[in-house]
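>>> Structure for the following, please:
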Amino acid sequence: MIAGVFIYNVLSALVEGRVYPDEVSESDNQTTPYIVYQDISNNPEITMDGVTGHEWVRMQIDVYHHDKYAGVLLANKAIQLINDNSISAIYGGKVSSKDGALYRQMIEYEFWQTADTE
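Prediction:
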């Protein structure tokens with residue numbers, strides 16, 4: 001499993017497919033709510049035989065909404081969906097902030113992923 005693919009597949013239904021890697025571009029549908037995710041860091045599994053192709057990847061998942069409390073509820077739904085659909089995810093907490101005219105819920109997770117090459 002690649003964490004970004006998992007996030008997109010699990011959370012897309014919450015926001016009608018408006019789930020974007022790294023940032024929202026001008027060509028993306030910026031109708032709220034939408035979700036942006038990004039890799040923050042990774043910790044590869046390395047044995048005496050070398051790199052195994054498995055790693056823990058820390059992800060930040062940002063839920064954007066024009067209404068603060070609707071955004072909080074949506075972020076809670078996202079957390080619930082991730083927890084219900086993955087046995088290899090560790091929830092790291094949630095922080096609220098204001099980003100321009102939008103409210104943002106920043107969710108942190110660590111996912112166990114296989115570093116696929118194709």
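>>> Give the next helix or strand downstream of the biggest helix by length in the chain.
The longest helix of the chain (DSSP state H) is helix 68-85. Along the chain past helix 68-85, the next helix or strand (assigned with DSSP states H and E) turns out to be strand 89-99.
>>> List of residues touching that next one?
Residues outside strand 89-99 that contact it (CB atoms under 8 Å, 6 or more residues apart in numbering) are 58, 64, 68, 71-72, 75, 79, 82-83, 103-112. Backbone N, C-alpha and C define where each C-beta goes, glycine included.
>>> Kindly report the same for stretch 71-83.
Residues from elsewhere that reach stretch 71-83, judged by CB under 8 Å, 6+ apart: 7, 10-11, 14-15, 33, 35, 61, 63-65, 89, 91, 94, 96, 103-105, 107, 109.
>>> which residue ranges form the strands in this protein?
19-21, 34-47, 50-65, 89-99, 102-114 (DSSP state E).
>>> Alpha carbons of the longest one, in PDB - could you do that?
Put plainly, it is strand 50-65. Once non-C-alpha atoms are left out, strand 50-65 reads as follows in PDB (Å, rounded to 0.1, in the frame of the first residue of the first chain):
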ATOM      1  CA  GLY A  50      19.700  -3.900   3.300                       C
ATOM      2  CA  VAL A  51      16.600  -1.900   2.500                       C
ATOM      3  CA  THR A  52      13.400  -4.000   2.700                       C
ATOM      4  CA  GLY A  53      11.100  -1.700   0.600                       C
ATOM      5  CA  HIS A  54       8.900  -1.100   3.700                       C
ATOM      6  CA  GLU A  55       8.700   2.200   5.600                       C
ATOM      7  CA  TRP A  56       6.800   4.300   8.000                       C
ATOM      8  CA  VAL A  57       5.700   7.500   6.300                       C
ATOM      9  CA  ARG A  58       4.400  10.500   8.300                       C
ATOM     10  CA  MET A  59       1.600  12.200   6.400                       C
ATOM     11  CA  GLN A  60      -0.200  15.500   7.000                       C
ATOM     12  CA  ILE A  61      -3.800  15.600   5.800                       C
ATOM     13  CA  ASP A  62      -5.300  19.100   5.700                       C
ATOM     14  CA  VAL A  63      -9.100  19.400   5.600                       C
ATOM     15  CA  TYR A  64     -10.200  22.800   4.300                       C
ATOM     16  CA  HIS A  65     -13.700  24.200   4.800                       C
END
